[in-house]
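Asker: For reference, the sequence and a predicted model appear below.
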Amino acid sequence: MLITKLYLLYKIILFHKNYNKGQTMNRNQSRNHNSKSNSNKIIILLAVIFLAVLATILISNFTKNNNDNKKQSLQTPTNLSIDSNGLLSWDKVEHAKSYIVNDNTTELNSTNDNHYSLIGLGIGQYRLKVKAISADTDYSDSNWSAICEYEIKDENVLPLGTPNIVLNGSVVSWNAVANATHYTVSINSDIYDTMQPSYSLNSITQFGTYTIRVKAKSEDNESSWSNSVEYVLNDSGGEKPGGGGSSPDGNDNGIFFINETPNEGPATIKEPGEDTSPEAAKNRFSQYLSKADFEYLFPLRFGCPLWKQTESPGMRYSAEQIAAMPDYYSYENFLKAMENLANLIYIVEYRTDANQSTVAGYAPRHSVYNKNTKKTTIITTEPDFNAEWNINKPSLQMNIDFGAFLNKGTENDKRRELAGFLANISHETSGGWPTAVPDEIFWGLYFNEEVAFLNGGIFGNGGSNPNFPPQPGKSYHGRGPIQLTHDYNYGLFSTIYFGDGMELLKNPERVSQEGDLGIASAIWFWMTPQWPKASCHQVMTNQWTPHPSRPQDSQYTQGFGLSIIIINGGLEGNLTEDDGRIRRRVLHYRTTAEFTKADIVGEKLDTLGMTGWA
């Protein structure tokens, strides 16, 4: 910059000198000596200005460099190491707000933590280094750390040994295979997955002979099939069906029931009725809210024609991006999301104590039942779920049938649930304000992701759950109508919806690109309890009962106000409609309830007297 400024000043002086020279040649030779003298004076003046500017710039740069030299650099990150799971870590640096991780000269990513997952890097050699970025104006960024070398070879895809299986009663077991992440169990060609080196056959209820084989698998490899064993179930001395327990109301949504018999294999599911089928779920939405009424309520929904006219190019999106945006919250996308989810039942199991007084802290296991294939697949299991000290305890099982959305309680409860769901996601995605034109009520569903991250930035990639590792360069910020956030939530929802947790961990942007997927993530949240919290579905349909071990939950009154506590009780608890957030949620609820023909007279709509769940 200094050289450029001096060069431009020099060109100005040179231009002026040549200009005067040319003028002198064309002028009358009789022009007097005073004219030349004046020209020379101008050149001298410009030269003086040039020297003055030069001196000012030099003094300014000297002062800046002197001040920079007075700053203390952050300590250089030390003790870089990489564990067997590909996690790069280093010592924390005081006064650092973040760290940059580089491979040679290529920046891999920035992180707020003193560790970084290398999972997802391709085969090759890596020379990794880390720099600490200052959070304090009194400190400058650190120097680069020493190089930490890391190599990913083809040989890292290790061969897997073949399991050797044995049958003991109704449990088939095998040796744990080194480097295996899970196992596939074949029962008469039907396939089931498990992460444990054993599998209970108690879920088999049809008499007959079953041939069982097992295959070990990892992310990159799989073994040969094991030896086979035969399991015979008959009515004269054969093994009796067992385990699983039963729900007092079929596949009750979020209500725990007891499995008295310890269960190592997949949870038992009562065959769902036709009223929870994908077609029935889709029809209920149409029955309670027509397409014409939906589009009247949400004229400014993200990507629709009026939204494209309203969104100013350059504010958040370019003109080209606005023109290409699909109608993200279309009526058809709501129907598609309900149809896809209604085929699944999500199962959570906890070990409990002898008196079934708690469901927390005893190593949950997560499974999914597919209504089409009639198969239950274990998707994640905490390490202690089948530990020796835990396995003989009864389990508490919770089934969430997504086909029961808008299908529990009275007819009015179902209409209230749809109004409550749409009201809450309208508030979460609103682009309106109290004096907005058109009215604030029409600005629901205006956004489909956190606008702070539209132009980049990384969030929610802490890597706290090893089952769902964040991927380099990917941000897990809020996307969709209820803001799916954090790597572990993207991974769990992806596993339930796609059968593959890595799909959304590798491609989180799909949630904001595909409307039906984003809406499905919101219904998943709405339907799923998070102990000790109930689900929004439960409290909107009067299906929730406080657990005996939690007398503090007696403060809660079921209804729309309690759904607000579930979604954002930490910030919106114990408030009336005088609070702007509560006011807008209730405004959307009252308006939407008119269209779904729900009676909400006497229902508790605010959160006064109710605090966030603890």
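Answerer: Right, received. Where do you want to start? Numbering: from 1, shown residues only.

Asker: how close does S189 get to S228?
Answerer: Distance, S189 to S228, by CB to CB, to the nearest Å: 12 Å. Heads up, the C-betas are built off the backbone N, CA and C, glycines and all.

Asker: Same question for A522.
Answerer: 45 Å.

Asker: These two: which is more packed in?
Answerer: Using other CB atoms under 10 Å as the criterion, A522 and S228 rank with A522 on top: 22 against 11.

Asker: A helix includes that one, no?
Answerer: Yes. Applying DSSP: H, G, I helix; E, B strand; the rest coil, one finds A522 inside a helix.

Asker: For it, which non-adjacent residue is spatially closest?
Answerer: In space, and not counting its chain neighbours, A522 is closest to I482: 4.0 Å by CB to CB, 6 or more residues apart in numbering.

Asker: F525 is in contact with that neighbour, correct?
Answerer: Yes. With contacts counted by CB atoms under 8 Å, I482 reaches F525, the gap being 5.2 Å.

Asker: what about the strands in the stretch 1-150 of the chain?
Answerer: 72-73, 81-82, 87-89, 96-103, 106-111, 115-117, 124-134, 139-140, 148-152 (DSSP state E, counting those that start in this stretch).

Asker: quick one: strands adjacent to the fourth one?
Answerer: Looking back up the chat, that one is strand 96-103. Strand 96-103 has these partner strands in its sheet, going by DSSP bridges: strand 106-111 (antiparallel), strand 124-134 (antiparallel).

Asker: Assess the claim that R284 and N407 are in contact.
Answerer: Yes. With contact defined as CB under 8 Å, R284 counts as touching N407 (6.2 Å).

Asker: Identify the contacts common to those two.
Answerer: Residues touching both R284 and N407 (CB atoms under 8 Å, 6 or more residues apart in numbering): K414.

Asker: what about the residue lying closest to R510 once chain neighbours are set aside, helix or strand, and which?
Answerer: In this structure, R510 finds its nearest non-sequential neighbour in L517, 5.9 Å apart by CB to CB, 6+ apart. If you go by DSSP states H and E, L517 is part of helix 515-527.

Asker: and the next element down the chain from that helix?
Answerer: Criterion used, DSSP H and E; the element after helix 515-527 is helix 536-540.

Asker: Other residues contacting that next one?
Answerer: 253-255, 404-405, 408, 413, 416-417, 420-421, 424, 525-527, 529, 543-544, 556, 558-560, 562-563, 566-567.

Asker: Could you rerun that using 7 Å?
Answerer: Here helix 536-540 makes contact (CB atoms under 7 Å, 6 or more residues apart in numbering) with 253-254, 405, 416-417, 420, 526-527, 529, 544, 558-559, 562-563, 566-567.

Asker: biggest separation within those residues, which pair?
Answerer: Farthest pair in the contacts of helix 536-540 (CB to CB) is R416 and P529. Separation: 18.7 Å.

Asker: In terms of neighbours, single out the busier of those two.
Answerer: Counted by other CB under 10 Å, R416 and P529 do not tie: R416 has more neighbours, with 27 against 22.

Asker: Provide a list of residues in contact with that one.
Answerer: Contacts of R416 (CB under 7 Å, 6+ apart): 540, 593, 598, 600.

Asker: Is it in a helix, a strand, or coil?
Answerer: Relying on three-state DSSP, one would call R416 helix.

Asker: pLDDT wise, what is it at?
Answerer: R416 is assigned a pLDDT of 97 by the prediction.

Asker: Quick check: the gap between it and D578.
Answerer: R416 is 24 Å from D578, by CB to CB.

Asker: Render the CA-only coordinates of stretch 345-352 in PDB, please.
Answerer: Output of stretch 345-352 as PDB, limited to C-alpha atoms (Å, rounded to 0.1, in the frame of the first residue of the first chain):
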ATOM      1  CA  ILE A 345     -42.100 -46.000  15.000                       C
ATOM      2  CA  TYR A 346     -39.200 -44.700  17.100                       C
ATOM      3  CA  ILE A 347     -38.400 -46.700  20.200                       C
ATOM      4  CA  VAL A 348     -36.400 -45.600  23.300                       C
ATOM      5  CA  GLU A 349     -35.500 -48.000  26.100                       C
ATOM      6  CA  TYR A 350     -33.900 -47.400  29.500                       C
ATOM      7  CA  ARG A 351     -32.800 -49.800  32.100                       C
ATOM      8  CA  THR A 352     -34.500 -48.900  35.400                       C
END
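
Asker: Low-confidence regions, the stretch 251-400 of the chain specifically.
Answerer: For the stretch 251-400 of the chain, the stretches flagged by pLDDT under 70 are 251-274, 353-363.

Asker: Would you state the strands of it in chain order?
Answerer: Going by DSSP E, counting those that start in this stretch, the stretch 251-400 of the chain shows strands at 257-259, 344-351, 365-370, 375-381, 395-401.

Asker: Switch those over to a markdown table; also include mean neighbour count and distance to E94.
Answerer: Converted to a markdown table, these look like this (neighbours: other CB atoms under 10 Å; distance: least, CB to CB, whole Å):
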| stretch | mean neighbour count | distance to E94 |
| --- | --- | --- |
| strand 257-259 | 17 | 50 |
| strand 344-351 | 24 | 41 |
| strand 365-370 | 21 | 39 |
| strand 375-381 | 20 | 37 |
| strand 395-401 | 26 | 45 |
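
Asker: Among those, which comes closest to L233?
Answerer: The minimum distance between L233 and the strands of the stretch 251-400 of the chain falls on strand 375-381, with 17.6 Å, by CB to CB.

Asker: Quick one: residues in contact with the closest one.
Answerer: By CB under 7 Å, 6+ apart, the surrounding residues in contact with strand 375-381 are 190, 192-196, 266-267, 269, 365-369, 467, 495-496.

Asker: That strand vs strand 365-370, what angle?
Answerer: Using axes from the mean of the first three to the mean of the last three CA atoms, to 10 degrees, one finds that strand 375-381 and strand 365-370 are set 150 degrees apart in direction.

Asker: How about residues contacting stretch 516-535?
Answerer: So stretch 516-535 is contacted by 253-254, 328, 333-334, 336-338, 340-341, 346, 359-360, 398, 400, 402, 405, 421, 425, 448, 479-482, 484, 493, 496-497, 510-512, 536-538, 544, 550, 566, 613 (CB under 7 Å, 6+ apart).

Asker: Buried among those? Make that a PyMOL selection.
Answerer: To isolate the buried ones among the contacts of stretch 516-535 in PyMOL, judged by 16 or more other CB atoms under 10 Å, type:
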select buried, resi 253+254+328+333+334+336+337+338+340+341+346+359+398+400+402+405+421+425+448+479+480+481+482+484+493+496+497+510+511+512+536+537+538+544+566+613
